[in-house]
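>>> Fold the following for me, if possible:
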Amino acid sequence: MADVVEALGEALGNAFQMAWEVWWALILGFALSGIVQAWVARAQMERVMGGWGLAATARATGLGAASSSCSYAAIAIARSAFQKGAGLPAVIAFMFASTNLVFELGIVLWIFLGPEFTAAEFAGGLVLILLMWAAVHLFVSRGDEERAREHASAAGTGHEHTTASAARSWRERIVSVEAWSDVAYNFRGDWQMLWKEITAGFLIAGCVALVPETVIQDVFLSDAPGAVRTVENVVLGPVIAVLSFVCSIGNVPLAAILWAGGISFAGVIAFIYADLITLPIILIYRKYYGTRFTLQLVGLMFVAMVAAALLVDLVFTAAGLVPDTRPSIDSITDRGITFNYTAVLNIVFTVAGAALLWLTVRPGAAGPLGPRGRDEGLAQISARRVARRLPN
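Sure, this is the predicted structure:
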C-alpha cells in the first residue's frame, strides 16, 4: 500500500512539474485564441467555407488556424457551418487546422518537444488537410454529404463560441471593456471545455513516466528494423491516442514522454494528429452525422493521419531535421520549480488570466456577449452532454 501511495505521489508530482513548465503558454494561447474568436464574425466563417474547391479549403484552414484549439468546439463550430452550407472538405480542413495549427499548440509543442516537432506538426497539418481534401473527393459522394448535412441539421448543438459584432474597428475593440469581455467569455469557455483533457493529459503522462523505458521501447519495437518500426509506431500512435481519451493540448506532454521512451518521430506526429478521433469525439460525430457516415469519416481520418505522419517523417529524415538525441523521461518530469523566467511568466500570465475571468463575473456581466446579447449569443453547452444524450 505504501508503494502505491508513493507511486501516486510521484505521478502527481511529475504531472504538476510538467504543467508548471507550460502554464503561461496555455494562458497566452487561450487569450490569443479568444481574441480571434471574439473579434472575427461567425458569419464570415460560414460564408467563406462554401464549395468543395481548394480555395474554400484554404480559407477554412486559415480560419481554423486562427480559432480555438478545443477539439469539441472545433467539431461543433464545423457542424454549425456545415449545416448552413459549408462544403465538407472545408469543414474537415477547419477542424484539423483548429486542432493542429493553432497558437497554443505550437507554443506547448516547442516547450516540450522542440522546434523540429513544432515544424513537423504544422507542416504535417497542412499535408493532412490536403490528403483529407483528396480523400473526400475520391470516397465521399455529394449524396453522402447531403445526407450527413440533413442529419447534422437535426442534431443537438454542441460547444459553440460566440463572436462579436463587426461594427467596431480593431482599434476601438482594443480600448473597449465590452470587446474584451467578449474575449474573456471565449477564454473562459475554452478553459471550461479543455481543463479535463489538459489535466488528464498531464496525469496520464505523469503515470506513464513511471513505466520503465524498456517497456515503452518493447511496445514501440525500438530494436526492430527502421521501416518496420516506423510503420508499427505510426499506426499504434493514433490507436493509443484514441484509447487515452485525451485530445488537443492535453496529449502533448504524453507525446513527450513517449518520445523520450522510444516511439519514433513519425509515431509521435501521428499520435498528436489523432485528437479528432478519440472515443468521446467519435460518439459526437455519430450524434451529428449518423453511424454510417461517422465510420466512413473516421476511417478516412485515420488513414490520412498515418499517411501524413509517414510523409513528414520521410521529408524531415531526408532533410536531417529529425532530432538525433532524445531527452530522458526524468528531464521532462523533474525540471524542478525555481524562481526563474518560467516562474515570472507564470505569475504575469496568471494575473492576466485572472483579469479576463474577472470580466466574466464582474457586476453587470450578463452572458457570453455581455449585457448587450447581440449577434449570435449562443449558450456555452458542453459537447459531452451531447455524447450523453446519444440514442442507445
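
>>> low-confidence ranges in the stretch 1-150 of the chain?
Along the stretch 1-150 of the chain, segments meeting pLDDT under 70 span 36, 40-47, 68-70.

>>> Would you state the helices of it in chain order?
With helices called from DSSP state H, counting those that start in this stretch, the stretch 1-150 of the chain shows them at 2-39, 42-48, 54-65, 71-83, 88-100, 103-113, 115-139, 142-154.

>>> would JSON lines of the ones you listed with mean neighbour count and distance to residue 281 be doable?
Where C-beta positions appear, they are placed from N, C-alpha and C, glycine not excepted. Shown next, in JSON lines, are these (neighbours: other Cβ atoms under 10 Å; distance: least, Cβ to Cβ, whole Å):
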{"stretch": "helix 2-39", "mean neighbour count": "18", "distance to residue 281": "19"}
{"stretch": "helix 42-48", "mean neighbour count": "17", "distance to residue 281": "20"}
{"stretch": "helix 54-65", "mean neighbour count": "21", "distance to residue 281": "16"}
{"stretch": "helix 71-83", "mean neighbour count": "25", "distance to residue 281": "6"}
{"stretch": "helix 88-100", "mean neighbour count": "28", "distance to residue 281": "10"}
{"stretch": "helix 103-113", "mean neighbour count": "22", "distance to residue 281": "16"}
{"stretch": "helix 115-139", "mean neighbour count": "20", "distance to residue 281": "16"}
{"stretch": "helix 142-154", "mean neighbour count": "15", "distance to residue 281": "15"}
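
>>> give me every residue that touches residue 360.
When contacts are counted by Cβ atoms under 8 Å, 6 or more residues apart in numbering, residue 360 touches 181, 184-185, 188.

>>> just to revisit the earlier point, right, and the helices of the stretch 1-150 of the chain - which one's nearest residue 211?
Closest approach to residue 211 among those (Cβ to Cβ): helix 2-39, 10.4 Å.

>>> Report the angle between that closest one and helix 103-113.
Between helix 2-39 and helix 103-113, the angle formed by their directions is 150 degrees, by axes from the mean of the first three to the mean of the last three Cα atoms, to 10 degrees.

>>> got any ranges where the stretch 251-392 of the chain has weak pLDDT?
By pLDDT under 70, the weakly predicted segments of the stretch 251-392 of the chain are 334-336, 364-392.

>>> can you do 90?
Within the stretch 251-392 of the chain, the ranges that satisfy pLDDT under 90 run 251-258, 260-263, 274-290, 324-343, 345, 361-392.

>>> mind listing the helices for it?
Listed in chain order, the helices of the stretch 251-392 of the chain (DSSP H, counting those that start in this stretch) span residues 251-261, 265-273, 279-289, 291-318, 329-333, 341-361, 383-388.

>>> Most tightly packed of the ones you listed?
Of all the helices of the stretch 251-392 of the chain, helix 265-273 carries the top mean neighbour count, a mean of 28, counting by mean count of other Cβ atoms under 10 Å.

>>> tell me what that one is packed against?
Judged by 3 or more Cβ pairs under 8 Å, 6 or more residues apart in numbering; DSSP states H and E, the packing partners of helix 265-273 are helix 115-139, helix 226-244, helix 251-261, helix 291-318.

>>> now the ones you listed in CSV, with distance to residue 21?
Listed next are the helices and strands packed on helix 265-273 as CSV, based on distance: least, Cβ to Cβ, whole Å:
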stretch, distance to residue 21
helix 115-139, 15
helix 226-244, 20
helix 251-261, 9
helix 291-318, 25
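
>>> And the helices of the stretch 1-150 of the chain: which comes nearest residue 270?
Using Cβ to Cβ as the measure, helix 115-139 is the one of these that comes nearest residue 270, at 9.0 Å.

>>> what does that closest one rub up against?
Under the criterion Cβ under 8 Å, 6+ apart, residues 52, 54, 57, 61, 88-89, 92-93, 96-97, 100-101, 105-106, 109-110, 259, 265, 268-269, 272-273, 296, 300-301, 303-305, 307-309, 311-312, 315-316, 321-323 lie in contact with helix 115-139.
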